[in-house]
Structures are given as C-alpha cells and as structure tokens.
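J.: my questions concern the predicted model and sequence given below.
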Amino acid sequence: MKRKGMYRFLALVLALSMIMVLAACGSEPASESAGDEPSESATVEPSESAEASGDVINVGALFNVTGGQASLDAPALNGFNLYFDQVNAAGGINGKQINVVSYDGKTDQTTCANNTKKMIDVDNVVAIGGLSDTNYALAAGAVAQQAGIPIVFSGATKPSLPDEVGDFAFMTAFGDDTCAYAAAEYVYNDLGLTKAYLLIDQSMEFTTTLADFFQDRFETLGGEIVLTDNYMNKDPDFSAQIDRYLADNKGAEFLFFSGVPDDAGVLIKQFRDKGVTEPIVSGDGFDTPLLWEVAGDQSEGVIVSTHCSFENTDAVVQDFVAAYTETYGNAPENAFAALGYDCAKIIATAIETCGDDVTSENIKVNLEAIESLKCVTGTISYTNGHVPDKTASMLIVENGAFSFIKEIVS
Amino acid sequence: MRHMEKIRLRDSNIFRLICFVLAPLIIIIMAGQKNGGYYNGIVCTFGIYALLAASLNLVNGFSGMFSMGHAAFMAVGAYTSAFLTLAPQQKINMLPGLPEWLQNVQLPLLPALLICGLCAALLALIVAFPVVRFKGHYLAVATLGLVVIVRSVLDIEGDVTNGARGITGLPSSASIWLIFGVLVVSLFIMYRLLSSAYGRSLIAMRDDQVAAQTLGVNLTAKKISIFCISAFFAGIGGALWGHTQTVISGQFFYFNMSFKIVQMSIIGGMASLSGGLLGALFITIVPELLAPLESGFVLFSYPLPDLYGLSNIIMSVFLVVLIIYRRQGLMGNSEILLDTFFSKNTYTSVFKKDEYKHFAKACINLCQRKKKS
C-alpha cells in the first residue's frame, strides 16, 4: 500500500531529524570540552606493545563523559589529556610516549566495570586514572584491584574508598571529611553563623557522607543544626522542602545543601525564587558552572568548599589555567579539571620513578612513595595512606563566576 | 516430499546445530578461560541480560501487559542475595539493622538464587493484586512507580540496606558457567511453560481478552501468576548481576536499568523468548562495537573529534527506525533459537544421513539464489 509506505517514510524522516537536532544540541558541550583539535592521545589503538616494553606506555582513562556525571568528568578528562599531551610534547617519560586509552563510563556501573576490564585485558594499560563518584569508583576499583593494576581516582572523595577497594587504589582529591570540616569551620569561625538548615540528597553515598561530616564538625565547634530535610537526586521540584522551611525555619542562619551538580542550580533557583535569602553553603558537589547557568543572578553569594581556586597566584595553578585555556578555548570549568590534571601528574611521576622497568607492581610501589608533590590542587603525599592530606579552598559566586576567599586547613 | 525451492538453510537441523548451539558454546568456552577478563565480562553480561529480557517477554509479549518494573524485582533479588551470601562479619559491619538469624546465615550462591527469586516473586504477588487491574499505559506507569518505591526504600532504610552507600564486597561467585547454567534451565522452564496449556491461555489472553474469558480462561489468576513468574526470574537475574559487579546500590536499579531491559525486549521482539536473547545480544555487543567511534577516528583521512555519546544516539535512532519499520522486533514471532536448543532433533541430526543431505541441498539452494539475483 503506497500510502502506508509514504507515511512511514515521513515518520522516519521526522524522527531522524528530531534526533539529529537533539544530538546537535546535546553534543555541543561534549564537543566543546573535547576541544577542536583531534586529540591524538585519545585514540583507541589496541596497543602494539605489551605492558610498556617498546616505545609506548599505555595509561587508561576512565571518565563518565556522558550521563549525570558529565559536568564533573568531562573537564577532568580534559585536564588528564592535557597533562599527558604536555608530557609527550616534551619527549615523553624516560623517552617513551604515553598513549592515553580513554573510554566513556556513561555514568553506568556495568559500563564502568566492563570498560575497566577492556583497558586491562585488551589495551594492556599499566595504570588507570579517572572517575569522580564513589559508587562508580567502587565498581571500577574492584576490577582493577583484582587485576593488580593501580587506579588513581581523580575526583572521588570518600575517605574510606582506598580501604574498601584495596591497596591498588589511590585518591587525588581530599576526603569528604576535609571538605565538610572546612565548610563548617569557615561558616562558624569566619562568618559567625551558628544555626544551620541541612538539606541532604539521600540517594548518594557522597552527599550523605558529606552531610554527616559537616554536622559532626559544626556541632563540635558549637553550632547547631536546627532543621534537617531530604530529597533525592534529580527531583525536579523542591516546593515541599521550601514550604516546610518557610513555615518554620527555627531561626536557621544559613542553608547547607549536600548535593551534586545536576541539582545544584535547580535548588538555588527554587529556594531563592520563593524568597529564601539566607546564605547558601555547599561542598564540592556545587563546584560547577551550572550554578550560574541555571540559577543566573540568584547564584550570587553561594559559598562552596572545594579542591582549589583558579585565582590562586601560585605559578603551578596559573600555568595550568593558561595551558587549559589555550588548548580547549575556555577556562577550566571547575576544580575537577585540575583534579584530572593532577591525577595524570601523579601517575606520570610514579611511571617516571620506575625508570626502565615499568610494571604495574612497580608503579604501585612508587605511588605509595610520593611525597610533597606540588600539584594544582595542593601538595600531595601518600605517606599517610592512600588519601592525600590537603587543604580546602572556599569559593564564593560573584558576577557569574567563582571568586577565591581563602584556604582552610582542617 | 519437499520441493527443492522450499528448503531454507534455517530449516536445516545441522545448520541450526552449528550456528545456534556449537558456535555460542565455543565462544562461551573461550571466554570462560580467563575469569575476570574483558570478554568473560561481556559474555557474562549477555547471559544475565538474556535472562532478564526473556523473563520480561513473558509478561510484555505473551500476556498482553506492559510492565516496566523489572528493575525493582532485580533490586529485591540482588539485595536478598547480598543478605544471604555475605559473611556474617561483613553484615554486622555494614548492615547492623538485620535480624540476628539473618546475619548469621551464609549460603552458597546457588541455593541463595532460589530464595532471591522467591522473594522477588513475593513482592510481585503483593503488588500484582492492585496492579493487574490496570490496562496498557496505566500498568506501565504503575510499575515505574514500583521501581521508585523500591529504590526509595533501599536508599532510606540505611540500617538494613546500608542506604545510598550500597553494599560492597559481594563474593564474585557468579562464574560464566553458573550464569549460563541458570540461563539454560530458566529458558527451558519458560519454553515449556509457554508450550503448555497455561502458555496457550496466556497468548489467548493477549490476543483477545473477552474471547479468552469466554473460553474459560481466568484472566486475573493468569495475570498475577505470570507476573510473579516473570519476577522470579528477574530476581535471579538481579542476584547474578549483583555478584558479577560485587557492589550494588539502589541507584543502579532505577529507570535506566528498567528501560534498558525493555529496549532489549522490543529490539529482539516482544512476542518471542528468542527475541529476548537476540535483543540482549544486540544491546551488549553493539555499544562495544561502536565504542571506538567515540574516541575519535579517521574517516576518509579526515580526523573526527571525540564524540562521546555517539553510540547512545545510534542505538536510539535504531530503536526508532525499528519501531517504524518492524514493530514486531528483529525476531518477530519466531522461536528459532529455543526450538533449536530444546528439541531432540537438533542433537540427533548429527547421526542422520538425511540431515546432511538436507543441509547440502539448502546450501546449494542458497548459492543458486545468490547467483540468480
């Protein structure tokens, strides 16, 4: 029947054009952050050489470049690639070039685990870097630990993560305890606010842990959590929580939101739209340009405790910002870009110390020996365990960008 | 007497034996050589998804209902298997709220699977009574609601489920042999169920509810029972999945997982268990094949930038195209895979000379047809 075929064809064309439009909109951020230059170091070649014999060393990069974690991991992958591009341009490590094998975790646990296996089995990587969220880190970490490949998590912050995965896991970022303690100390000591309203995302490990640590330190200092409320990641509407707050906020002087980037802008916008004016404070989950992209002017004055600030005049930081801006055409989006860079630096340092004998076991031993390595996000040492002791930086949103306030040692 | 023109390659038992039994068996054996390896992981994932997709087809394709709640039953199965197979010390640390008798229990995986399936079926039983009254879209939405409820309970009851942190350290005892063993047994049960009077009445119910009722089919009983049976296998699938991942958490048993299984079911063909297998194969293999495209590749010596997310877009476009042009899915109504596995003829055909002749004739036919066109 010709007509039926005609309708089907039209339906097909319409569907495909809709999808292409969506893809064009959707993939813009991805292609922006992936940069204009075809990144040579990100090609997937089944390695010609086995574990670092020959002229090429394979390093794995597992980041969730699509899905809910993309706003954290895409800049982190950029930072990671940037470091190894610089290293390769300068002649490689001990004369060998580094081939970064990068796979997308798709913010899906099965994909993360399978891709980790792929990197280890098929591409023969000697070390892996990546991932900003504890849940995915656990899945990928379990695989790496079993295979004896050291894995350095760029953005995951759970303090007990290396203990849970095993001795092949290392963290680049500070633990949630450092982050939360710094926020509590800044608010209590510097801002003088003593009564807190706590809004916690119950659906994630990171957010519940962060809130627990915050409460811990805040109450030890002498503050009081006057009101607590909950939500789930990706809830579109917070009117219930806002109404409860407006009905009786029990004298709360500020709001501490324990959440992740995709809810950050939405939370701030909805709370401010309904007339809540108290200061908003959060942890590194709110370290994202989504704050002003979604909440616009409402995001002015939001305070975030995070890994580093790009206004730090230290040469290491400024060199990084300049190199990133030159390569990718925009300033680093958030601290996770710097964490990705540092993660690469840590792995590279360990590989370099190996000399000619680059094996996973040696890399792990050399990682543990890292002491006082100057990185963009602070000075990193693994002498006290696989979680580095670092400082936290307090940032505030001013004029649609983050401004640095101070560093806090907690 | 068969006419020469009517002999198709796919009717030949020898062909079926080689293609659908021996070839997959060889792949499984090869993948099974290296436990924890990449190919092993892919094949295990396929095995589990195949079980899930086939069990979903029982409800979606054969009974006229459209359920999207598979992830909820998977979650129940996975968490139950965690409660049963973790060491008591781990349970005391992570799950202090569990009752003592449960904390001290530690079973090997195989018996635990049965209990997981039963728990999932129990949840289905509780939910089924209100839910099966719904028709069409309403049932789909109600089952989505079930997924949300299960996830919320898992995230909030921290004492019993370790909340959003999830449970880590599940023993990785789901070897490829266990997975495929369970898959084969489950498929056999489902296949025989569908060929029985029970299965026929389900199909009658799907095709025309009123006519089925006049023939004496008790609609409510059938709907509830098939819902529970499907949930039973989903629970087993969830438990196996948990043991291959070794870490489970509420967020992994959410819409993404449910939609993925529905997608497998639709691509393969809802009204066919073999379709479930094919859909699972498709969803497992195709993203892996498309993955190199994402990391930048050279097309006619023009280097393309990194296009992460491309494989998702391609899969979605394929799904849309499939629904427009072949709504019944890739397999349609054909049960060729299961017919091959579970029919005696396939295996005895090795000994029959006639079968070899038949196979040869079919091959010749194929070559002739190719030459003609």
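T.: In hand now; what should we look at? Because the structure is a prediction, the values reported are computed rather than measured. Numbers count the residues shown, from 1 in each chain, chains lettered A, B, ... in the order given.
J.: report the contact partners of the residue lying closest to A:Glu224 once chain neighbours are set aside.
T.: By the measure of Cβ to Cβ, 6 or more residues apart in numbering or on different chains, the closest residue to A:Glu224 outside its immediate chain neighbours is A:Lys195, 5.4 Å from it. From N, CA and C alone the C-beta is placed, and that goes for glycine too. With contacts defined as Cβ atoms under 8 Å, 6 or more residues apart in numbering or on different chains, the neighbours of A:Lys195 are A:Gly223, A:Glu224, A:Val226, A:Lys250, A:Gly251, A:Ala252, A:Glu253, A:Phe254.
J.: kindly write the ChimeraX command that selects the buried subset of these.
T.: To isolate the buried members of those in ChimeraX, using 16 or more other Cβ atoms under 10 Å in any protein chain shown:
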select /A:223,226,252,253,254
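J.: which one of the contacts of A:Lys195 is nearest chain B?
T.: If you rank the contacts of A:Lys195 by distance to chain B using Cβ to the nearest Cβ, A:Val226 comes first, at 22.0 Å.
J.: show me what contacts that closest one?
T.: The neighbourhood of A:Val226, defined by Cβ under 8 Å, 6+ apart, consists of A:Lys195, A:Ala196, A:Tyr197, A:Asn249, A:Lys250, A:Gly251, A:Ala252.
J.: skipping adjacent residues, who's closest to it in space?
T.: Closest residue to A:Val226 apart from its sequence neighbours, by Cβ to Cβ, 6+ apart: A:Lys250 at 4.1 Å.
J.: what of A:Ala180?
T.: Nearest residue to A:Ala180 in three dimensions, chain neighbours excluded: A:Phe213, at 3.6 Å (Cβ to Cβ, 6+ apart).
J.: ok, now A:Gly130?
T.: Going by Cβ to Cβ, 6+ apart, A:Gly130 has A:Leu62 as its nearest residue, at 4.0 Å.
J.: and for that neighbour, the neighbour number?
T.: Applying other Cβ atoms under 10 Å in any protein chain shown, we find 32 residues neighbouring A:Leu62.
J.: that one bridge partners, please.
T.: A:Tyr103, A:Gly130 (DSSP bridges).
J.: please tell me how far it sits from chain B.
T.: Counting by Cβ to the nearest Cβ, to the nearest Å, the gap from A:Leu62 to chain B is 12 Å.
J.: circling back: just confirm the residue nearest to A:Val226 contacts A:Leu227, I think it does.
T.: Yes: under the criterion of Cβ atoms under 8 Å, A:Lys250 makes contact with A:Leu227 at 5.1 Å.
J.: what do the two both touch?
T.: Residues touching both A:Lys250 and A:Leu227 by Cβ under 8 Å, 6+ apart: A:Tyr197.
J.: do the helix or strand harbouring A:Thr116 and chain B meet at all?
T.: Secondary structure from DSSP states H and E places A:Thr116 in helix A:109-121. Yes: on the criterion Cβ under 8 Å from any Cβ of the partner chain, helix A:109-121 is in touch with chain B at A:Gln109, A:Thr110, A:Thr111, A:Ala113, A:Asn114, A:Asn115, A:Lys117, A:Lys118, A:Ile120, A:Asp121.
J.: nearest spatial neighbour of the fourth one, skipping sequence neighbours?
T.: Once flanking residues are discounted, A:Ala113 sits nearest to A:Ala139: 4.7 Å by Cβ to Cβ, 6+ apart.
J.: between helix A:109-121 and the helix or strand hosting the one you found, find me the angle.
T.: Element membership of A:Ala139 [criterion: DSSP H and E] is helix A:134-147. Helix A:134-147 and helix A:109-121 are oriented at 30 degrees to each other (axes from the mean of the first three to the mean of the last three Cα atoms, to 10 degrees).
J.: so for the next helix-or-strand element following helix A:134-147, what gets flagged as buried?
T.: Beyond helix A:134-147 in the direction of the C-terminus, DSSP H and E gives the next helix or strand as strand A:151-153. In terms of neighbour count (16+ other Cβ under 10 Å), strand A:151-153 has its buried residues at A:Ile151, A:Val152, A:Phe153.
J.: cool, and stretch B:16-27?
T.: Neighbour counts over stretch B:16-27 (16+ other Cβ under 10 Å) mark B:Arg16, B:Leu17, B:Cys19, B:Phe20, B:Pro24 as buried.
J.: where does pLDDT dip in chain B?
T.: Judged against pLDDT under 70, the low-scoring parts of chain B cover residues B:1-6, B:36, B:295-306, B:373.
J.: what segments of the stretch 151-300 of chain A are helices?
T.: With helices called from DSSP state H, counting those that start in this stretch, the stretch 151-300 of chain A shows them at A:161-165, A:176-185, A:205-221, A:239-247, A:261-273, A:290-295.
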